[in-house]
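[1] using only what follows, build the 3D model:
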Amino acid sequence: MRDTILIAIAGLIFMFATGIAKADTVKTKDEWKKIYADAGCNDKKGIFATKICETKVFQRTNWQSGKEQLTGFFNKLDLN
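    Numbers count the residues shown, from 1 in each chain. Predicted coordinates for the structure are as follows:
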């Protein structure tokens, strides 16, 4: 029982710590609208085409830093 409580507390601490780290990367609604307009998502016909475009923009925007970190890691390895 004690172990379960400690694991739950550790999980809450982890979620709180990672939530704070991600809090500074939140974009406003106007920023998202501009990004979607630049990608052409507003010109799409139909709900499915619009949602697919929005998903691609969201992934590209939010996963770019992780991609850059991964690329930098492999560049530092100097596998050639």
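
[2] buried set for the helix or strand harbouring Ile52?
    Counting by DSSP states H and E, the element that carries Ile52 is helix 47-77. By neighbour count on 16 or more other CB atoms under 10 Å, the buried set for helix 47-77 is Cys53, Glu54, Val57, Thr61. Any C-beta I mention is one placed from the backbone N, CA and C, and that applies to glycine too.

[3] let me see the mean pLDDT of stretch 15-24.
    For stretch 15-24, the mean pLDDT works out to 62.

[4] using CSV, write down the CA coordinates of the lowest-mean-pLDDT helix or strand in the chain.
    Scoring the helices and strands of the chain by mean pLDDT, DSSP states H and E places helix 2-23 at the bottom, with a mean of 76. Presented in CSV, the C-alpha positions along helix 2-23 are these (Å, rounded to 0.1, in the frame of the first residue of the first chain):
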residue,chain,number,x,y,z
ARG,A,2,2.8,2.4,0.9
ASP,A,3,4.6,1.7,-2.4
THR,A,4,1.4,2.4,-4.4
ILE,A,5,1.0,5.8,-2.6
LEU,A,6,4.7,6.7,-3.3
ILE,A,7,4.4,5.7,-6.9
ALA,A,8,1.2,7.8,-7.2
ILE,A,9,3.0,10.8,-5.6
ALA,A,10,6.0,10.4,-7.9
GLY,A,11,3.7,10.3,-10.9
LEU,A,12,1.9,13.5,-9.8
ILE,A,13,5.3,15.2,-9.3
PHE,A,14,6.4,14.1,-12.8
MET,A,15,3.2,15.3,-14.4
PHE,A,16,3.4,18.7,-12.6
ALA,A,17,7.1,19.2,-13.6
THR,A,18,6.5,18.3,-17.3
GLY,A,19,3.4,20.5,-17.4
ILE,A,20,5.4,23.5,-16.2
ALA,A,21,8.1,22.8,-18.9
LYS,A,22,5.5,22.8,-21.6
ALA,A,23,3.5,25.8,-20.4
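
[5] for Lys45, helix, strand, or coil?
    Using DSSP: H, G, I helix; E, B strand; the rest coil, the structure places Lys45 in coil.
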